[in-house]
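Asker: Build me a structure from this.
(2 chains)
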Amino acid sequence: MKRWQYEPAADLDQRLIERLRNFPREPDMLVYGVRSIVALIIRGLLRTYCRFEIIGEEHLRSNRSFVLVANHSSHLDTVCLLASLPLRRLHRAFPAAAADYFFKSVPRTWIATVVVNALPFARQAQVRQSLAICGELLANAGNVLIIFPEGTRSTTGEIQEFKGGIGALLAGRDVPVLPCYLDGAFRAWPKGSRWPRPRKVRLIIGAPRNYAALPSDKGASVAIAAELRSAVKELARQHAKR
Amino acid sequence: MSPHQALHDPIFLAYLRVIFVSLFMGGIVLGILHWGFKKNLGPIWSTYRSWLVLAPVGLAAIFAGRVPTIIGITLLAIFGFKEFARASGLYRDWWMTGVVYAGIVAVGTASLVSHPRGEESGPGWYGLFVAVPVFAIASILLIPILRNRARGELQRMSLGIVGFVYIGWMFGHLGFLADSVNAYGFLLYVIFATELNDVAAFTFGRLFGRHSLRSEISPKKTWEGAPGALAVSMALPWLLRFSFPGFGPWQLILAGLIVGIGGQLGDLSISVIKRDIGTKDMGALIPGHGGILDRIDSLIYVAPLFLHMANYYNQLR
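Answerer: Numbers count the residues shown, from 1 in each chain, chains lettered A, B, ... in the order given. Next up is the predicted model:
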């Protein structure tokens, strides 16, 4: 009789926290099930509690890999962007999350991994390595990368400068990037407050851009970051006029 | 079973004392060995610390009532199977794991609900409970047919069936004990005696162990440890006689044998799986113990044997 071949999970003998920190992940169906159920509950809560509304949803209808870039002022931001995606793409959507904040304690890491499917992003050291992981994700078809180029939540609600990393990721890469503006999330759940308040939250999704033609150097990176920031501000301005 | 009942149940209160005294005494013995005899206990301390967490959590679930107990045991089975699936590589097959998870939930449901036409006395639907494997295995055999695949399917089906029957159903018997008229006595005896049997086997093995019991399966189990643990487990039902008001001497002997022999067989049978897969532990969730399966392995063997023994003597419901 031929011997059976077992293929154990590579992280079998690691502690829970290490297993959760690993990326890319190899989830079993339990993780997908929990994530889908939690996503449905969150979507229902957003619609009722925050009267969540999406403008420009048609820009999301693409089977390619793409990047969502948005202003960041609240924990609601990630939740809203994930809620805008069709459920079947949820498990292929990776919000880049600060490794030094979301991947510290077990409960927080569990939520970041199982519920949010976050990509651990090193903000201080090894930024280049994190960007390389993002690049690999975008090289495969059907992935969605969610990035807040401000690098942290704004404490005033104003849009801060965009870091150059987003430019370095997009320059010379044939991947569409969609600028998004989140309105109301800061009022609903600003940094430092414990629970979200029932305030109207809107997500405005702009038309896709592509920076494949630009060279991948420092100058282009800075220019892309600045351009994306003005695109998000423009969405905010148009929205305010309406 | 309810918090109110637990507070007034002499069996529950007695076990509360027995378990806390055992933990306390265990700590004192370890302390004397560590500070008095300057023995290097190494990982035993972390094993002990984990016990200090596991025991209150288990007691809290039983205190909370029948439903929390059954849900807790079902969750243990689900995450135990997840460990098995990750160790064997079955977790990549979502159809198979999905059906097994559903089967485990069905086992828990059969323990929770009552017979739809009220033809069984007491809570829990025993008829469905013992029939769940038929439906689960039928569903597992159906998967390759539905997917029109044959290559490697025998291995996947086998792993699915072993995973379901062994971890889902056999361990699920512990949940059904919560439906017994003597739920506190049976549940607490089975869990306490089985874990004590594990500790006794380990202790006797460490003290006198020379000859490997099953050299190809587990290097830690010894011929010297096994009878020591069996002796402890044979004596225990007599010491904890208040747990089973309906048991005579013959049933007490059987209760001791089931725990004393079954407990060690459960340990060895999980070792067979681990050895064949080539892994040391099933996981690293519980410091000093390994994974969930490394902790519940003996209970998997003991719980069903004990339940059916009690049922045979009309003591279950």
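
Asker: State the distance from the residue nearest to B:Tyr126 when sequence neighbours are not counted to chain A.
Answerer: Closest residue to B:Tyr126 apart from its sequence neighbours, by Cβ to Cβ, 6 or more residues apart in numbering or on different chains: B:Glu120 at 5.8 Å. The way it works is simple: take the backbone N, C-alpha and C, and place the C-beta from them, glycine included. In this view, B:Glu120 and chain A are 32 Å apart by Cβ to the nearest Cβ, to the nearest Å.

Asker: Would you enumerate the residues in contact with B:Glu120?
Answerer: Contact partners of B:Glu120, counting by Cβ atoms under 8 Å, 6 or more residues apart in numbering or on different chains, are B:114, B:126-127, B:317.

Asker: For stretch B:236-249, buried residues please.
Answerer: Of the residues in stretch B:236-249, B:236-237, B:240, B:243-244, B:247 count as buried by neighbour count, 16 or more other Cβ atoms under 10 Å in any protein chain shown.

Asker: Tell me which of those residues fall in strands.
Answerer: Using DSSP state E, no member of the buried residues of stretch B:236-249 falls within strands.

Asker: just curious, which of those is nearest to chain A?
Answerer: Lowest distance from chain A to the buried residues of stretch B:236-249 (Cβ to the nearest Cβ) belongs to B:Leu236, with 33.5 Å.

Asker: Just give the closest residue to the closest one, not the sequence neighbours.
Answerer: The shortest distance from B:Leu236 to any non-neighbouring residue, by Cβ to Cβ, 6+ apart, is to B:Ala193 (5.2 Å).

Asker: May I ask you to confirm that that neighbour is in contact with B:Leu252?
Answerer: No. Applying Cβ atoms under 8 Å as the test, B:Ala193 and B:Leu252 come out as separate, 11.5 Å apart.

Asker: Compare these two and say which is more crowded by neighbours.
Answerer: Set B:Ala193 next to B:Leu252 and count neighbours by other Cβ atoms under 10 Å in any protein chain shown: B:Ala193 wins out with 26 against 18.

Asker: which residues touch that one?
Answerer: Contacts of B:Ala193 were listed using Cβ under 8 Å, 6+ apart, and they are B:233, B:236-237, B:240, B:255, B:259, B:302.

Asker: sorry, back to before: of the contacts of B:Glu120 - the most surrounded one?
Answerer: B:Tyr126 (19 neighbours).

Asker: For it, grab phi and psi.
Answerer: Backbone torsions of B:Tyr126, given as degrees, to the nearest 10, read phi -60, psi -40.

Asker: ok, now how distant is it from B:Met1?
Answerer: As judged by Cβ to Cβ, to the nearest Å, B:Tyr126 and B:Met1 stand 17 Å apart.

Asker: In a strand, A:Ala97, correct?
Answerer: Yes. Assessed by DSSP: H, G, I helix; E, B strand; the rest coil, A:Ala97 belongs to a strand.

Asker: That one contacts A:Thr113, correct?
Answerer: No. Counting by Cβ under 8 Å, A:Ala97 stays clear of A:Thr113, with 9.7 Å between them.

Asker: Quickly list what's touching both of B:Ala193 and B:Leu252.
Answerer: B:Pro237.

Asker: The helix or strand of chain B with the lowest mean pLDDT - contacts with which helices or strands?
Answerer: Of all the helices and strands that make up chain B, strand B:218-222 has the lowest average by mean pLDDT, DSSP states H and E, namely a mean of 83. When contacts are defined as 3 or more Cβ pairs under 8 Å, 6 or more residues apart in numbering or on different chains; DSSP states H and E, strand B:218-222 packs onto helix B:183-208, strand B:212-214, helix B:263-277.
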